[in-house]
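K.L.:
Turn this into a model:
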Amino acid sequence: MMTSIPNMDQLIQMALLEDVGDGDHSTLSCIPPTAIKTAKMVAKQEGIVCGMEVGERVFNFVNDSFYHTQQPMTIVLMKKDGDHVAKGNVLMTIEGSAAAILTAERTALNFMQRLSGIATQTHHMVQMLDGLHTRLLDTRKTTPNMRLLEKYAVKCGGGTNHRIGLYDMIMLKDNHIDFAGGIEAAIDRTHAYLKEKGKDLKIEIEIRNLDELEQVLAHGGVDRIMLDNFDTDTLREAVRRIDGKYETEASGGITEETLRSYAETGVDFISVGALTHHIKSMDISLVKK
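P.N.:
This next block holds a predicted model:
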């Protein structure tokens, strides 16, 4: 649930302060403060909607904190996050201060359009994996301060969250391994660190070729092996050698065109950074009801 995202209200406040500054002078100059109007938010294309609650909170926050109106907003959510919507579907209706509606409009749309775009693209790619056991993962390639919302959108689209940040999983990437002095040293130092700190975190290690895979298989001590920038033939061979002993993840340049062929190698997970950093926002608009 979006209500579990701890920094959402702070994000909304920061976004509004960035946009409104010392006042929405376009609205203040021509809209009477007592004017009451109704509006509706409409999907202009088919997709998976996400961000309904954050949109609602934006309107309420503007009404309560910027205009201090005596009349609360009346907002009716016609869809819920994760719903499939068609072009022309009404997502929500808003009744209240006309000035508050106009001031909140763009910020509410910015959140909802981006999150719905992520959910829609995720859903599209998850459908491409139909019939296979491979799950689609997001990455840390997210908009600064928007990570929890964007990962929430991935889940709404049917994807699976990878680690949230640097704190909830060990990821030994190529630079960690090189700086530590090799695969065995990196794994051993990690176990010593976790024991010292009393932490119980899963360990994933990135490998670049089959020789490195053999080193990991001989040494052990990890939970998941990331096979980075492998072609499908080499990936299939790697999955065969791992033989279910560890979770497997493919990563690196995997696109819509190649997603299915990578999944058909039998890999457990495929991570796609483009889910959150290279998406097209969904077309949604606010119109007078």
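K.L.:
What count of nearby residues applies to the closest residue to Leu132 other than its chain neighbours?
P.N.:
In this structure, Leu132 finds its nearest non-sequential neighbour in Ala263, 4.8 Å apart by C-beta to C-beta, 6 or more residues apart in numbering. In this view, the C-beta of every residue, glycine as well, is placed from N, C-alpha and C. Ala263 has 24 neighbours, counted by other C-beta atoms under 10 Å.
K.L.:
Check Val267 too.
P.N.:
Val267 - counted by other C-beta under 10 Å - has 26 other residues nearby.
K.L.:
can you map out the strands along the chain?
P.N.:
Using DSSP state E, the strands of the chain run over 36-43, 47-48, 74-77, 84-85, 90-97, 135-137, 170-172, 203-207, 224-228, 247-251, 269-271, 284-288.
K.L.:
The fourth one: partners in the sheet, and parallel or antiparallel?
P.N.:
So the one you mean is strand 84-85. Here strand 84-85 has these sheet partners by DSSP bridges: strand 47-48 (antiparallel).
K.L.:
So which residues make contact with the partner strand?
P.N.:
The contact list for strand 47-48, computed with C-beta atoms under 8 Å, 6 or more residues apart in numbering, reads 82-85, 116-117, 119-120, 122-123, 156-157, 282.
K.L.:
now, which of those residues sits nearest Gly220?
P.N.:
Thr122 (33.4 Å; C-beta to C-beta).
K.L.:
Surely the closest one and Tyr152 touch.
P.N.:
No: counting by C-beta atoms under 8 Å, Thr122 sits too far from Tyr152 to count as a contact (11.0 Å).
K.L.:
about what we covered before: if any of the contacts of strand 47-48 are buried, put those into a PyMOL selection.
P.N.:
Here is the PyMOL command that selects the buried residues among the contacts of strand 47-48 (16 or more other C-beta atoms under 10 Å):
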select buried, resi 82+83+85+116+117+119+120+122+123+156+157+282
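K.L.:
I'd like to know which of the contacts of strand 47-48 is nearest to Lys245.
P.N.:
Nearest member of the contacts of strand 47-48 to Lys245, counting by C-beta to C-beta, is Thr122, at 29.3 Å.
K.L.:
Relative to Gln113, how far out is Asp283?
P.N.:
7 Å (C-beta to C-beta, to the nearest Å).
K.L.:
When those two are compared, which one has more neighbours?
P.N.:
With neighbours defined as other C-beta under 10 Å, Asp283 and Gln113 compare such that Gln113 has more, 20 against 16.
K.L.:
Tell me who's in contact with the more buried one.
P.N.:
Gln113 sits next to 281-284 when contact means C-beta under 8 Å, 6+ apart.
K.L.:
Out of those residues, which is nearest to Phe59?
P.N.:
Ile284 (14.0 Å).
K.L.:
What is the neighbour count of that closest one?
P.N.:
Other residues close to Ile284 by other C-beta under 10 Å number 24.
K.L.:
How about it, nearest residue that isn't a chain neighbour?
P.N.:
Ile284 sits nearest to Gln113 (C-beta to C-beta, 6+ apart), 5.3 Å away.
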